[in-house]
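Novice: here's my sequence, what's the structure:
(chains A and B)
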Amino acid sequence: MELFCVLFFGFGWLFFMRKLFKDYEVRQYVVQVIFSVTFAFSCTMFELIIFEILGVLNSSSRYFHWKLNLCVILLILVFMVPFYIGYFVVSNIRLLHRQKLLFACVLWLTFMYFFWKLGDPFPILSPKHGILSIEQLISRVGVIGVTLMALLSGFGAVNCPYTYMSYFLRNVTDADILALERRLLQTMDMIVSKKKRIAVAHRTMFQRGEVHNKPTGFWGMIKSVTTSVPGSENLSLIQQEVDALEELSRQLFLETADLHATKERIEYSKTFQGKYFNFMGYFFSIYCVWKIFMATINIVFDRVGKTDPVTRGIEITVNYLGIQFDVKFWSQHISFILVGIIIVTSIRGLLITLTKFFYAISSSKSSNVIVLLLAQIMGMYFVSSVLLIRMSMPPEYRTIITEVLGELQFNFYHRWFDVIFLVSALSSILFLYLAHKQAPEKHMAL
Amino acid sequence: MAALDRVKVLVLGDSGVGKSSLVHLLCHNQVLGNPSWTVGCSVDVRIHDYREGTPEEKTYYIELWDVGGSVGSATSVKSTRAVFYNLLNGIILVHDLTNKKSSQNLYRWTLEALNRDVAPTGVLVTNGDYDREQFADNQIPLLVIGTKLDQIPETKRNEVLTRTAFLAEDFNAEEINLDCTNPRYLAAGSSNAVKLSRFFDKVIEKRYFLRDGNQIPGFSERKRFGGGTLKSLHYD
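Specialist: Residues are numbered from 1 along each chain as shown, chains lettered A, B, ... in the order given. All right, here's what the predicted structure looks like:
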């Protein structure tokens, strides 16, 4: 039991070192420790679900481990990680260096305030719970986590077929790329020649003894209104042209990179793997449409699924197909497999998404803060997965989750998930449609 | 002064090491007030007096091409960056003295820039690993600059400087360690300024004064024939 915990910790540590921080140097080991600990305890929760289904260990010891795990996770997610995020944000700002701890505490208190306020608009608790009980914290963490899950699922459900299917790939030829690169180099040459003129002008003015200072500060600006050096007006005009050209060069660079990426995807889609993914894309798009449909039905008709897929499937096979088999035995194994698959794919999917996100937005200064934010998201995501996975399990296994998490309004969470999923999926469709439309027009204008 | 000859020097390094600040310091002798992320490539120009103080003194433009990005970028970004590596005459490698990974990544940066220079039918010798022999053969002058010197505490300075000395030796290059927010490191007459001047002189020499086909010892067939001017088949 504890062995698994250590194992997960080690895995989180390795993942951090090898994948997330592979281009940066780990200066603050506390960040790595926190990330691995969050990962370890989140995975232990899933492990406990599996144990529940398989019936490993006796039920009181399982209950004890659940409670313990939950307390630790909440402690990390609500107290430690936000505090360290505040601490690292403050250490990046040079001004507040002296009273780092003080400002970190202030930030943490602000976080706690908003976190608490989050519970008000949602009907998630019955009033008989105390202020600092586990249920209060879990319910709020659950709301945030479920929102995140739904957003990611919605976007993922739409984006997955879009990226897999080659139907959406724009046609890019080598000639297009070469033409764009030529434009980019021409722009760079123009920038260079203008900068040369500015540099030469500066040098001649410097040699003639006129020191050309950029008007700094308030008085400098006022002075420059009345006394203007004749050469400098010309220069500021050229400088403006240079700024515009630099902006253009950045745009061209990004477009060229985009074209290269599309060309690679086209080549990839011709390989065997690419064809396989293309096929899966069609399959997933059907699945995605079905999910959106189901979410709409759930909301419109205000129904929450009462039975889980496993029992449903077994019912169908027994009643309609007339196959008789040992329900208890099979339901245990099938739910184990199903839940296992759901857990593994969601962990894997989340880690991949987090890694991509991290590469895209982190820099050497902000890497610590971003990793901690990701750890926070990961922890909340996993806690709410536990909340939602309850629906996929047969009733006899649900009891432990209900017991441990207290009397939360589980139905609310499912409804909330459906709503956010729908919103996210529809806005992703809109967003991708606009992006797709806009891109070919850009190239037509060349 | 309108028709000064041109020389192109690349400034390479991981993101966040201070390339933009360095280039601004080199070209304007001023500290860059608001450094921001470089997208794509930003160019700046420095006017350099070749062989200053001698009768052969001549003024050249040195273009410093500051290429942004990280060495682990996607292949599409790398292919786009490769456009800037054409016709280059010198490379300045910038690394952060407080970040060891940025120093290690310099090998990969150099390989990325130099491999691009091989003619399309040329053989790519390595699988991306560092090979000292390949660098020994290299005709393009290199300079290694370490930044953020002020953030290294006095006690660790020796250790860091020894490490960077090895690094510079590997590249067969000179090294300069400085702080980009303090112009005094490159004040006229200081040893850093002399090294910089020597480097630019070397770049100009290789570009303009060896183009009459002088045989440089150890010149292997897989590089362009004829020394000096680099031509790439694409962009004529």
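Novice: helices along the stretch 151-300 of chain A, start to end?
Specialist: Taking DSSP state H, counting those that start in this stretch, the helices of the stretch 151-300 of chain A run over residues A:174-207, A:217-226, A:230-269, A:272-300.
Novice: of all these, which one comes closest to chain B?
Specialist: helix A:230-269 (3.1 Å; CB to the nearest CB). Every C-beta, even on glycine, is put in place using the N, C-alpha and C of the backbone.
Novice: buried residues in the closest one?
Specialist: Using 16 or more other CB atoms under 10 Å in any protein chain shown as the test for burial, helix A:230-269 gives A:232, A:235, A:242, A:245-246, A:249-250, A:252-253, A:255-263, A:265-266, A:269.
Novice: before we move on, back to that, got the helices of the stretch 151-300 of chain A as CSV, with mean pLDDT and distance to chain B columns?
Specialist: Putting those into CSV (pLDDT from 0 to 100; distance: least, CB to the nearest CB, whole Å) gives the following:
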stretch, mean pLDDT, distance to chain B
helix A:174-207, 86, 4
helix A:217-226, 59, 13
helix A:230-269, 82, 3
helix A:272-300, 77, 15
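Novice: just checking, residue B:62 touches residue B:43?
Specialist: No: here residue B:62 lies out of contact with residue B:43, judged by CB atoms under 8 Å, at a distance of 10.8 Å.
Novice: which secondary structure element of chain B has the lowest mean pLDDT?
Specialist: helix B:132-136 (a mean of 60; mean pLDDT, DSSP states H and E).
Novice: helix or strand next in line after that one, which one?
Specialist: Going down the chain from helix B:132-136, the next helix or strand is strand B:142-147, by DSSP states H and E.
Novice: ok, and does whichever helix or strand comes after that next one reach over to chain A?
Specialist: Sequence order places helix B:154-171 as the next helix or strand after strand B:142-147, per DSSP H and E. No: figure legend: helix B:154-171 not in contact with chain A (CB under 8 Å from any CB of the partner chain); closest approach 13.1 Å.
Novice: what's the model's confidence in helix B:154-171, averaged?
Specialist: In this model, helix B:154-171 has a mean pLDDT of 82.
Novice: so which other helices or strands are in contact with it?
Specialist: Under the contact definition 3 or more CB pairs under 8 Å, 6 or more residues apart in numbering or on different chains; DSSP states H and E, helix B:154-171 sits against strand B:90-96, helix B:100-117, helix B:132-136, strand B:142-147, strand B:174-177.
Novice: what about the closest residue to residue A:80 other than its chain neighbours, which helix or strand?
Specialist: Counting by CB to CB, 6 or more residues apart in numbering or on different chains, residue A:34 is the residue found nearest to residue A:80 once chain neighbours are left out, at 6.5 Å. Using DSSP H and E, residue A:34 maps to helix A:29-54.
Novice: burial check on the residue in chain B that chain A sits nearest to, number of neighbours?
Specialist: Relative to chain A, the nearest point of chain B is residue B:40 (3.1 Å; CB to the nearest CB). Residues lying near residue B:40 (other CB atoms under 10 Å in any protein chain shown) number 25.
Novice: residues touching it, list them.
Specialist: By CB atoms under 8 Å, 6 or more residues apart in numbering or on different chains, the contact list for residue B:40 reads A:184, A:249-250, A:252-254, B:68.
Novice: reformat these as CSV; add distance to residue A:206.
Specialist: Output for these, formatted as CSV (distance: CB to CB, whole Å):
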residue, distance to residue A:206
A:184, 32
A:249, 28
A:250, 30
A:252, 33
A:253, 33
A:254, 37
B:68, 30
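Novice: quick check: residues of chain A near chain B?
Specialist: Contacts of chain A with chain B, taken as CB under 8 Å from any CB, map to A:22-25, A:178, A:181-182, A:184-185, A:188, A:191-192, A:195-196, A:198-200, A:203-204, A:246, A:249-250, A:252-254, A:256-258, A:260-261, A:263-264, A:359, A:363-365.
Novice: on that earlier part again, which residues touch the residue nearest to residue A:80?
Specialist: With contact set as CB under 8 Å, 6+ apart, residue A:34 has these partners: A:76, A:80-81, A:84, A:372, A:375.
Novice: how close does it sit to residue A:160?
Specialist: Distance from residue A:34 to residue A:160, counting by CB to CB, to the nearest Å: 31 Å.
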